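Asker: with the sequence up front, the predicted model follows.
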Amino acid sequence: MSSTFRKGLMALFSGSGKDKFSLHRFQSLLQSLSKHLQLNESNQAVIVENIREMTEIIIWGDQNDPRIIDFFLEQDVLNHLLKFLKQHSHKAVKVQVIQSLSMLIHNLKNEMAVYFILSNNHVNYTITQSFDLYDEELLGLYVSFLRTLSLRLNDSTVQLFFNSRTQDFPLCSEALKLFDHPEYQVRVAIRTLTLNIFKLREPLVQRFIIEKPAVPYLTSLMYFLGDRLSTCQEARKNGSLVPQDADEVLDVLFYLRDIMDIDFTALQVLVSQRFFGHIVKSLVIPSMTPVQVSSASSAGQRKRRAEKNTADPAVVLSLMALSLHVVGKAHISDAILQALLLHPSYEGNSGYGELAASILADDEAASVSSLPRSLSLSTPRGAGSHAQSMPGASSLTSRSAASVHSSRSHPSPTAAADSQYMRRNECRTTICSCLGGAERATKPALYFVLAATVGCQASHNMQEAAGVLPVRKWRSRQLLSALTTPDTTESGQVSSQAGPESSIEEEGSKSTLASPNRVT
């Protein structure tokens with residue numbers, strides 16, 4: 001008969017198991033723990049077992065015996081646990097302390113106990129401890145601990161995490177260090193954690209996010225997305241593309257959509273800037289337009305320039321189609337349509353279109369000033385800038401307000417129409433030529449992105465200008481116009497055979513791009 005089984009029988013028949021979850025048992029465990037203040041090899045197992053059992057009693061007492069919670073608070077038990085982290089503890093003790101903290105924060109219902117655990121800088125001290133994150137067990141527990149803390153964040157508890165005087169927010173800064181960790185589950189947990197932080201409405205926290213971590217984090221995230229696209233491209237060339245490669249790209253796009261769904265205007269502006277500056281301008285457009293090189297350039301120079309900052313057109317077009325489907329915001333869709341398909345003669349651009357055009361024209365400082373009033377509530381200063389005020393604290397400058405008013409009242413030349421890029425949209429030319437050519441590998445992606453332009457949430461004005469407005473939407477617009485302005489036609493009716501001109505179809509006899517009369 002084993003010793004463990006013998007001890008179990010003795011506890012069963014002696015009745016000692018009856019007081020396992022009791023104040024007396026909790027007091028005896030704390031007294032035993034106090035005798036082992038110096039951690040060593042001989043008492044490590046005793047300390048781990050005591051901490052584990054005390055955690056179970058605290059959680060049980062939270063629901064059944066308030067005296068246990070009162071004793072937990074009076075004796076400052078949490079400080080006893082944290083002392084072991086200060087002693088360069090063995091792995092087993094660190095694991096148990098982190099696990100116990102996570103369990104307490106997640107399970108306790110007593111608000112006073114939760115505030116006690118989160119206060120006195122206990123949590124921030126634990127977060128900033130140097131754990132061996134190369135150890136899988138420690139890494140998993142540490143990330144789970146951070147995520148559990150983020151679930152307790154709200155506008156009142158955030159004051160226990162964020163030091164407004166020193167502008168220090170360890171939960172945010174330490175978590176962002178792991179955003180591109182090789183382990184997939186870690187990356188997912190960090191994205192969930194950041195969303196919980198971004199949802200906070202506390203003005204000081206929002207200002208901190210915009211001024212400190214937002215710009216470098218979003219920039220690094222776009223580089224991470226570009227790296228994943230490169231991985232997909234290499235795998236596609238080798239015929240070894242696996243679902244995980246594409247799923248990672250899709251996960252990032254869904255994450256961007258979640259950020260854009262948060263009522264945090266300044267952050268939305270930064271996401272738009274980073275996406276169009278680092279993905280559309282630096283990756284998509286060079287991949288869709290021919291490289292301009294002098295005739296005197298050597299073959300090697302031409303090849304190197306052609307390969308620089310370019311990707312497989314099928315890959316980048318698929319990314320744009322996914323962006324239209326997933327991110328789904330109207331101003332994002334408008335800007336993507338403008339970058340890929342906008343006809344040079346179009347002059348009625350919205351402020352969102354001006355955002356894309358200014359980024360494409362190397363004028364990112366002016367990009368935010370051209371935003372509509374509904375978005376430009378806080379104004380970053382260019383690529384590496386920070387918002388000067390939080391949402392609701394300021395409005396457009398007179399110049400940008402006049403620009404937006406002009407674009408809404410009547411068609412007039414805008415920054416988008418005036419830029420060299422918009423006068424000759426080479427992406428559009430490339431798409432039209434590929435549709436009529438024999439490049440079979442690219443055609444599925446082309447049809448994918450064109451179908452996305454038809455079904456996305458872009459404004460009808462932008463779709464009509466790009467030549468992809470479905471006929472049913474065009475007829476609805478014409479009918480509404482006829483009803484609201486009876487003198488537009490003599491009969492006051494709209495011909496069922498009429499339809500918008502297909503500007504893209506006029507650009508080449510071989511182009512089969514969605515004549516609006518063919519889109520249903």
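Answerer: All right, it came through fine.

Asker: hmm, Ala466 is touching Ala339, no?
Answerer: No. Ala466 is beyond contact range of Ala339, at 10.4 Å (criterion: C-beta atoms under 8 Å). Every C-beta, even on glycine, is put in place using the N, C-alpha and C of the backbone.

Asker: anything in contact with each of those two?
Answerer: Counting by C-beta atoms under 8 Å, 6 or more residues apart in numbering, Ala466 and Ala339 have no contacts in common.

Asker: so who does Ser230 touch?
Answerer: Per C-beta under 8 Å, 6+ apart, neighbours of Ser230: Ala311.

Asker: and Asp180, by the same measure?
Answerer: Asp180 neighbours (C-beta under 8 Å, 6+ apart): 187, 220, 224.

Asker: list of residues touching the helix or strand harbouring Ser144?
Answerer: Per DSSP states H and E: Ser144 is located in helix 136-151. Here helix 136-151 makes contact (C-beta under 8 Å, 6+ apart) with 91, 94-95, 98-99, 101-102, 105-106, 123, 126-127, 131-133, 161, 171, 174-175, 178, 183, 185-186, 189-190, 192-193, 196-197.

Asker: restricted to helices, list those.
Answerer: Per DSSP state H, helices hold the following members of those: 91, 94-95, 98-99, 101-102, 105-106, 123, 126-127, 171, 174-175, 185-186, 189-190, 192-193, 196-197.

Asker: report the buried members of those.
Answerer: Neighbour-count burial (16 or more other C-beta atoms under 10 Å) is assigned, among the ones in helices among the contacts of helix 136-151, to 94-95, 98-99, 101-102, 105-106, 123, 126-127, 171, 175, 186, 189-190, 192-193, 196-197.

Asker: residue ranges with poor pLDDT in the stretch 351-500 of the chain?
Answerer: 351-424, 437-439, 486-500 (pLDDT under 70).

Asker: output the lowest mean pLDDT helix or strand found in the protein.
Answerer: Counting by mean pLDDT, DSSP states H and E, the chain has its least confident helix or strand at helix 398-409, which shows a mean of 31.

Asker: isn't Asn107 up against Ile59?
Answerer: Yes. Contact criterion C-beta under 8 Å: Asn107 and Ile59 qualify, at 5.0 Å.

Asker: for Phe161, phi and psi?
Answerer: Main-chain dihedrals, Phe161, degrees, to the nearest 10: phi -110, psi -30.

Asker: which residues touch the residue nearest to it when sequence neighbours are not counted?
Answerer: Nearest non-adjacent residue to Phe161, counting by C-beta to C-beta, 6 or more residues apart in numbering: Leu171, 5.1 Å away. When contacts are counted by C-beta under 8 Å, 6+ apart, Leu171 touches 123-124, 127, 146, 149-150, 153, 161, 193, 197.

Asker: with distance to Val449 and pLDDT added, can I get those residues in CSV?
Answerer: Output for the contacts of Leu171, formatted as CSV (distance: C-beta to C-beta, whole Å; pLDDT from 0 to 100):
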residue, distance to Val449, pLDDT
Val123, 46, 89
Asn124, 46, 90
Ile127, 43, 93
Leu146, 38, 96
Leu149, 41, 95
Ser150, 36, 95
Leu153, 38, 93
Phe161, 42, 92
Leu193, 33, 96
Ile197, 33, 96
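
Asker: circling back to that earlier point, who has more neighbours, Asn107 and Ile59?
Answerer: Ile59 (19 against 15; other C-beta atoms under 10 Å).

Asker: which residues are contacting whichever helix or strand Phe26 is part of?
Answerer: Using DSSP H and E, Phe26 sits within helix 23-34. Identification of contacts with helix 23-34 by C-beta under 8 Å, 6+ apart yields 19, 46-47, 50-51, 53-54, 57-58, 61, 65, 67-68, 71-72, 75, 77, 80.

Asker: going by neighbour count, which of these are buried?
Answerer: 47, 50-51, 53-54, 57-58, 61, 65, 68, 71-72, 77, 80.

Asker: okay, these in CSV with distance to Cys434, pLDDT and secondary structure next?
Answerer: Converted to CSV, these look like this (distance: C-beta to C-beta, whole Å; pLDDT from 0 to 100; DSSP: H, G, I helix; E, B strand; the rest coil):
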residue, distance to Cys434, pLDDT, secondary structure
Ile47, 68, 92, helix
Asn50, 69, 93, helix
Ile51, 64, 94, helix
Glu53, 68, 95, helix
Met54, 67, 95, helix
Ile57, 69, 95, helix
Ile58, 65, 95, helix
Gly61, 69, 94, helix
Asp65, 72, 93, coil
Ile68, 71, 94, helix
Phe71, 74, 94, helix
Phe72, 68, 93, helix
Val77, 68, 91, helix
His80, 69, 85, helix
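
Asker: done for today, thanks.
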